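Undergrad: heads up, no residue letters with this:
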């Protein structure tokens, strides 16, 4: 069941999430190339030695004049030389680059010994990886450099043509639809991937600030918190209906035009209270004060309210979740901004650990290390 709190201005679902992580496999192993040579060092050609040629020719008759025998022997050697020269000689020439393996795909899962190409070089994975860019993980990282390559290198099946976005990763997004589905296998149909990507248009700085690692960390942090709030994106509305009439602050000049019990927790961040619906609606250009039910009917609107809180509201903390992640304050501070009054500083360590567990799992799916500063 979900509980509510006034300090955070949002509802919290207390049920820990339990979902499995599934991984695919992509084996891209280039063929082994070799060249067979004869004992003479020439590929596929057997060159006769002069003495062999001489033995195959008819014996030279002795001549009473010694010079004739010498002339006959010289003629035989000349003929042998002509035969040897006539055989084509294959030169090794300068070494050419190996063919490029299939191109690296940021949304594909690779296992140990899988080989990919990236920026004109082949790379082999040492262990399981997803989203880690070849050439950026260092000597002790997952990718081992196999040298320059040329030709081949057709994109992996899920790779887009040059200049296009991957088919399940809209432009600017760092979470693919496949990764989203892996994070939330049992989600409610309201919480669509398309709704999330549409909502991101309202806040272009979300998961789009800093380097690629920072973008992925922020996406993981936001999704980890909303997963905790909704039991893995299972719940759309607050479960404890007895709380519903509590979220109307009649002291506000605009009152509660949708009804006293209309402003209960909804959506990925479980937005509650009439003043929060008013503020979110004003920021988004949507009349949520008079029609708060849009948050539980429209996927994009639901995600917009979650991003509104994440990007702009400090709640009981000192900064919004977005700021906590892009400034390096850490995941723990994002927890504080959402429900710090009821969870942080030892108030409810089990709930904090539930959020941290989500974050650690999602960063693994996105292929980044989560670092420290996890708790609050």
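TA: Here it is on my side, so go on. Note that the coordinates shown come from a computational prediction; the quantities given were computed from them, not determined experimentally.

Undergrad: what's across from the closest residue to residue 110 other than its chain neighbours in the sheet?
TA: Leaving aside its chain neighbours, residue 110 sits nearest to residue 125 (4.5 Å; criterion: Cβ to Cβ, 6 or more residues apart in numbering). (Glycine included, C-beta is placed from N, CA and C.) The bridge-partner assignment for residue 125, based on DSSP bridges, gives residue 143.

Undergrad: confidence score at residue 125?
TA: Per-residue pLDDT puts residue 125 at 86.

Undergrad: how many neighbours does it have?
TA: 22 (other Cβ atoms under 10 Å).

Undergrad: that one is in contact with residue 104, isn't it?
TA: No: contact criterion Cβ atoms under 8 Å: residue 125 and residue 104 do not qualify, at 9.9 Å.

Undergrad: got any residues that touch both of those two?
TA: residue 116 (Cβ atoms under 8 Å, 6 or more residues apart in numbering).

Undergrad: please name the residues that touch the residue nearest to residue 110.
TA: Per Cβ under 8 Å, 6+ apart, neighbours of residue 125: 110-116, 142-144.

Undergrad: once you drop chain neighbours, what's closest to residue 175?
TA: Nearest to residue 175 is residue 219, by Cβ to Cβ, 6+ apart, at 5.2 Å.

Undergrad: what's the distance between the one you found and residue 359?
TA: In this view, residue 219 and residue 359 are 11 Å apart by Cβ to Cβ, to the nearest Å.

Undergrad: mind checking the pLDDT average for stretch 288-302?
TA: 98.

Undergrad: go through that stretch and flag the buried ones.
TA: 288-289, 291-292, 294-296, 298-302 (16 or more other Cβ atoms under 10 Å).

Undergrad: run through who's touching it.
TA: 190-192, 194-196, 198-199, 236-237, 254, 257-258, 262-263, 266-268, 271, 274, 277-278, 280-281, 284, 286, 305.

Undergrad: what's the span of that stretch, first residue to last?
TA: 11 Å (Cα to Cα, to the nearest Å).

Undergrad: any regions of the stretch 151-300 of the chain where pLDDT drops low?
TA: 151-172 (pLDDT under 70).

Undergrad: for the stretch 151-300 of the chain, what spans make up the strands?
TA: With DSSP state E, counting those that start in this stretch as the definition, the stretch 151-300 of the chain shows no strands.

Undergrad: just the buried members of the contacts of stretch 288-302?
TA: Among the contacts of stretch 288-302, the ones that count as buried by 16+ other Cβ under 10 Å are 190-192, 195-196, 198-199, 236-237, 258, 262-263, 266-268, 271, 274, 277-278, 280-281, 284, 286, 305.

Undergrad: how far away is the residue lying closest to residue 226 once chain neighbours are set aside from residue 231?
TA: Leaving aside its sequence neighbours, residue 226 sits nearest to residue 268 (Cβ to Cβ, 6+ apart; 3.9 Å). Using Cβ to Cβ, we find residue 268 at a distance of 11 Å from residue 231.

Undergrad: overlap in contacts of those two?
TA: Joint contacts of residue 268 and residue 231 (Cβ under 8 Å, 6+ apart) do not exist.

Undergrad: what's the first-to-last distance across stretch 243-253?
TA: End residues of stretch 243-253 are separated by 22 Å (Cα to Cα).

Undergrad: all helices of the protein, in order?
TA: Under the criterion DSSP state H, the chain contains helices at 50-56, 66-86, 177-183, 193-199, 212-230, 274-284, 294-297, 299-312, 321-326, 331-343, 349-366.

Undergrad: these: which one's closest to residue 376?
TA: Nearest to residue 376, of all the helices of the chain, is helix 331-343, at 3.8 Å by Cβ to Cβ.

Undergrad: quick check: mean pLDDT across the closest one?
TA: For helix 331-343, the per-residue pLDDT averages 96.

Undergrad: what does it contact?
TA: Taking Cβ under 8 Å, 6+ apart as the rule, helix 331-343 contacts 3, 5, 7-8, 10, 12, 217, 221-222, 224-225, 229, 269, 309, 313-321, 324-325, 344, 347-349, 351-352, 355-356, 359, 370, 373-376.

Undergrad: make it 6 Å
TA: Residues external to helix 331-343 that are found in contact with it (Cβ atoms under 6 Å, 6 or more residues apart in numbering): 5, 7-8, 12, 221, 225, 314-317, 320-321, 324, 344, 351-352, 355, 359, 373-376.

Undergrad: check stretch 187-196 too.
TA: 177, 180, 233-234, 236, 299-300, 302-303.

Undergrad: if you set the cut-off to 8 Å instead, what comes out?
TA: 177, 180-181, 184, 230, 232-236, 268, 296-300, 302-303.

Undergrad: sorry, back to before: and the residue nearest to residue 110, how far from residue 237?
TA: Distance from residue 125 to residue 237, by Cβ to Cβ: 44 Å.

Undergrad: cool, residue 353 as well?
TA: 26 Å.

Undergrad: what do you get for residue 188?
TA: 10 Å.

Undergrad: spatially, what comes nearest to residue 292 if we skip its sequence neighbours?
TA: residue 277 (4.9 Å).

Undergrad: list the contacts for residue 241?
TA: Residue 241 neighbours (Cβ under 8 Å, 6+ apart): residue 264.
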